[in-house]
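> Here is my input; please provide its structure:
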Amino acid sequence: MQSAFKSLISPIKLARPSVVVIHRLSDALSSKGFSTNDKKQRPPESVVYTEGMVGIEPYVNPTPPPSPTFSTPLQKHIYDLALHRGPLPLPLFQSLSLHHPDHGYYSKGEGVIGRTGDFVTSPEISQAFGELLSCWFIHHYQTTAIPSKSRLRVVELGPGKGTLLSDMLRTFGQLGVPVNEIHMVEVSKGMRELQAEKLEVSVTEEDSEGRLKEGTIEGGKMKVFWHDNVSELPKAEPDIVEYMVAQEFFDALPVHQFRV
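A predicted model of the protein is given here:
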């Protein structure tokens, strides 16, 4: 069978566009007594590609391979998605791996950041990091803020466990500078819960997915809000001074990959 098939390939190899090649090959096989509809008589896949043919469908084994085994539910989810839509773009793969609502790396919350987690950031090593940062904000606020801007808003992108914000808010309070609003950009349900626990937030509202959305601190003196992305953050207001923090945030975002 293989020798007969090889003899048919050479006269028509790459002679015409792939669709025509397939048609001519089918006619040639039929003329030699081979049925192209019979899978048992189809040429092996190795012969097709060894001869360099184009446009010929690989041989399909009538017995499907055994189902692969998966070590995690997320691995199976990504596998099924790739089967359905083909190769996944890099940012989609990263987004699923990091932020899948149920199985993403950051979705579990506990056990990710800190001395008992996978990595440690500066706020988790020493409270001095947050204290020094807030001292700089306070100095700027007291020396350059317009007097009419009497309210203070602090925004953090990717607050982690809430350690940095906790150290900053404590320092603001000790130096007599009240913070009116806290806004956190965080998609993980588990992380939001850790942040609320660290900041001692009294939760007042959850979103449709059961994630924390709004709350208060210090008996309602300070309002707390969670957002999925920066586009949801409130716009600038005439009477508000806003400071934004992004500690080790951008290196955890999904990125697009380009070929130059």
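> V230 - how many residues pack around it?
12 (other Cβ atoms under 10 Å). For the C-beta atoms, the positions are set from N, CA and C on the backbone; glycine is no exception.
> Now it: closest residue in space, sequence neighbours ignored.
Computed as Cβ to Cβ, 6 or more residues apart in numbering, the closest residue to V230 that is not its neighbour in sequence is V185, at 5.9 Å.
> go on, V201?
G215 (4.0 Å).
> The one you found reaches E197, doesn't it?
No - the pair G215 / E197 is not scored as a contact, 11.3 Å apart, by Cβ atoms under 8 Å.
> The two: which is more packed in?
Using other Cβ under 10 Å, the more surrounded residue of G215 and E197 is G215, with 23 against 12.
> And the helix or strand harbouring that one, what's buried?
Here G215 sits within strand 212-217, counting by DSSP states H and E. For strand 212-217, burial by neighbour count (16 or more other Cβ atoms under 10 Å) applies to L212, K213, G215, I217.
> can you list the residues that contact it?
With Cβ atoms under 8 Å, 6 or more residues apart in numbering as the test, strand 212-217 has contacts from 169, 182, 189, 192-193, 195-196, 199-207, 222-226.
> neighbouring strands for that strand, and are they parallel or not?
strand 202-206 (antiparallel), strand 222-227 (antiparallel) (DSSP bridges).
> what is the mean pLDDT for the longest one?
Model confidence over strand 222-227, given as mean pLDDT, is 96.
> Only alpha carbons, please: show it as CSV.
Once non-C-alpha atoms are left out, strand 222-227 reads as follows in CSV (Å, rounded to 0.1, in the frame of the first residue of the first chain):
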residue,chain,number,x,y,z
MET,A,222,-14.3,56.4,56.1
LYS,A,223,-16.0,54.9,53.1
VAL,A,224,-14.5,51.8,51.3
PHE,A,225,-15.1,50.7,47.7
TRP,A,226,-13.9,47.8,45.6
HIS,A,227,-13.6,47.9,41.8
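> Now T163: closest residue in space, sequence neighbours ignored.
P123 (4.4 Å).
> any idea which helix or strand comes after the strand or helix carrying the one you found?
Per DSSP H and E: P123 is located in helix 122-125. Downstream of helix 122-125, the first helix or strand assigned by DSSP H and E is helix 128-144.
> Which residues belonging to that following helix are considered buried?
Going by 16+ other Cβ under 10 Å, helix 128-144 has these buried residues: F129, G130, L133, S134, F137, I138, Y141.
> Spatially nearest residue to the third one (excluding sequence neighbours)?
In this case it means L133. M168 (6.3 Å).
> Tell me the secondary structure at that neighbour.
helix (DSSP: H, G, I helix; E, B strand; the rest coil).
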